Each structure stands twice: as C-alpha cells, then as structure tokens.
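Engineer: can't give you the sequence, but here's the structure:
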C-alpha cells in the first residue's frame, strides 16, 4: 500500500467525542480489534483506518483504504447525527456510522464496542500489558462519553413532511391512539414516533429492561427502510420471542436477512422501489407492532 499522506494530526482533545476517536485509533493497531471492527461495518478486514485531513469544509472521523482504493468514510458520534451522515454520503459515497447506543440505529455502536472490549478485559492474561492499557483507556472514554450524553440528544419530532409520508399515514391509520409522536418515554403498550432528521422516521416500543426504546421500523433520510435484526429484538424484548419470530418472518419475506451479526437487518430497502410491496403488508406490520408493544 502506498504511504498515507493525508493523516489529520490537530485533534481538539477538549471534546469527549474526539478523545474517544483518538483512543479508538490507537486500538486499531491491534489486528484482532481492527478486523472485528471492519467486519461489523461490512468492510475488508485487512484495510487501513485513519483520521483524514479536511476535504473542503468536511472532515469525517476516519477514512478506510485498501491498497490505494478508498472503501468508506466512518463517522463516530456519542449520540447520532443523521443530517451529517447524509451530507457526507452525498460528498464521499459510502459512509459508515458508529453511533453511541445500540438503539440509535447506526451501523455499529460505541456500546457494542465497549461490550466487545469488556470480554478481553475480564479474562486475565488475554492481552499483554500495553494493549490491555490501551483497551482500558478506550473503554473508560466510551463509558464517560455515553454517561455525559443524553440518549435523546439530537432526536426530535417527526416533520410534517414525513408525518404525511404514505407509509407513515398508513401506519397511523391502523395504530390510532396507540402511536404517539414524541421524544419522551411512553407508557408500556404504547408506540412512539421520533426522528433525528427532517426526512427521518422511527417507530419504537419500550425495551423490557426499561433502559430506553427500540425501533421496529425506520425511514432513513426519506429514502431507505430499516428493520432491526432478530438479535437486536431478542436482546431488547427478551420475553417476546414468539412475537419477535413472527415479525422477523414478515421482514424476511420482504427480502431482508434478519439473522445477522448486528443490530439492523440487511439490506436497507430503497422505498422508491419497495413502497408498494411494503404498503401491501401494512396490516401485518401494524398487527406485529401492537404485539411487540
């Protein structure tokens, strides 16, 4: 691989998010971590990850290169920033998101990274002293960063444009008073709708451990439909295995792989070509949403 000459070196370490990024970059030296990280993002595990210099007014947190080919940009957030991710996709093409919590709906979450690293810290002798120290450093920064960041930060009410989206209207008609448009917690048995962008929509239910909520279906940027994976729903709704299985069967029938090692089913469905098919299953969707609430 040719020498990389666009590494950014002037990070502002006063910001908790930037401190996480620097610690994350330091642990990329460990092959076992970098390969796991890239596989979780569906990228080549032998690629190189580094913080790039600005491209105009934009500077993603990481660039991923294999040989001389750019594979993707990676944007890391303690919370979420859908608008920025969409802007970067227009500029750079493939952009992967590493957002704070699993429920935030990124391609990967800092929570998942911390959980993965915990396994190495809990097992004595699994890491030599220096890598163990770097891993501990990153884990503590993630813990502190998430603790100081509100899960609801950046989330807002669904825009009027998305509230009138044909799929959202169809769901609203069938869910009635069970669906509330709010960024706040709702009662058990209720569903809520919120967003992180004016062209976004997420329909959620409360997690059974009362630690937050989980999205059952989301529209990303007005153009893509996102479903959760079976793994994610079983983790967040552990007492509803039968209901989860029924819903996952429906999602599978629409062409998504639900048994994946991640939080989102694959692929994300472009609504432009899938809207009629999804609208044809909206009665089933509404029925499963009620069951999962």
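Structural biologist: Received the coordinates, thanks. Note that the structure is a prediction, hence the values are computed from the model and not measured.
Engineer: beyond whichever strand or helix holds residue 17, next helix or strand please.
Structural biologist: Secondary structure from DSSP states H and E places residue 17 in helix 16-27. Later in the chain than helix 16-27, the nearest helix or strand by DSSP H and E is helix 31-40.
Engineer: identify each buried residue in that next one, please.
Structural biologist: By neighbour count on 16 or more other CB atoms under 10 Å, the buried set for helix 31-40 is 33-34, 37-38, 40. From N, CA and C alone the C-beta is placed, and that goes for glycine too.
Engineer: circling back to that earlier point, tilt between the helix holding residue 17 and helix 31-40?
Structural biologist: Between helix 16-27 and helix 31-40, the angle comes out at 120 degrees (axes from the mean of the first three to the mean of the last three CA atoms, to 10 degrees).
Engineer: which helices and strands does helix 16-27 pack with?
Structural biologist: strand 69-76, helix 110-122, helix 129-147 (3 or more CB pairs under 8 Å, 6 or more residues apart in numbering; DSSP states H and E).
Engineer: ok, residues contacting the longest one?
Structural biologist: The set of residues that contact helix 129-147 without belonging to it, under CB atoms under 8 Å, 6 or more residues apart in numbering, is 16-17, 19-20, 23-24, 26-27, 29-30, 33, 78, 100-101, 110-111, 113-114, 117-118, 120-121, 127.
Engineer: which one is the residue positioned nearest the centre of the chain nearest to, not counting chain neighbours?
Structural biologist: With distances taken as CA atoms, centre = their mean, residue 106 lies nearest the centre of the chain, 1.3 Å away. Leaving out its chain neighbours, the residue that sits closest to residue 106 by CB to CB, 6 or more residues apart in numbering is residue 99, at 3.2 Å.
Engineer: doesn't residue 109 make contact with the one you found?
Structural biologist: Yes: between residue 99 and residue 109 there is a contact under CB atoms under 8 Å: 5.7 Å.
Engineer: next SSE downstream of the helix or strand bottoming out on mean pLDDT in the chain?
Structural biologist: Lowest by mean pLDDT, DSSP states H and E among the helices and strands of the chain is helix 82-92, with a mean of 80. Downstream of helix 82-92, the first helix or strand assigned by DSSP H and E is strand 95-99.
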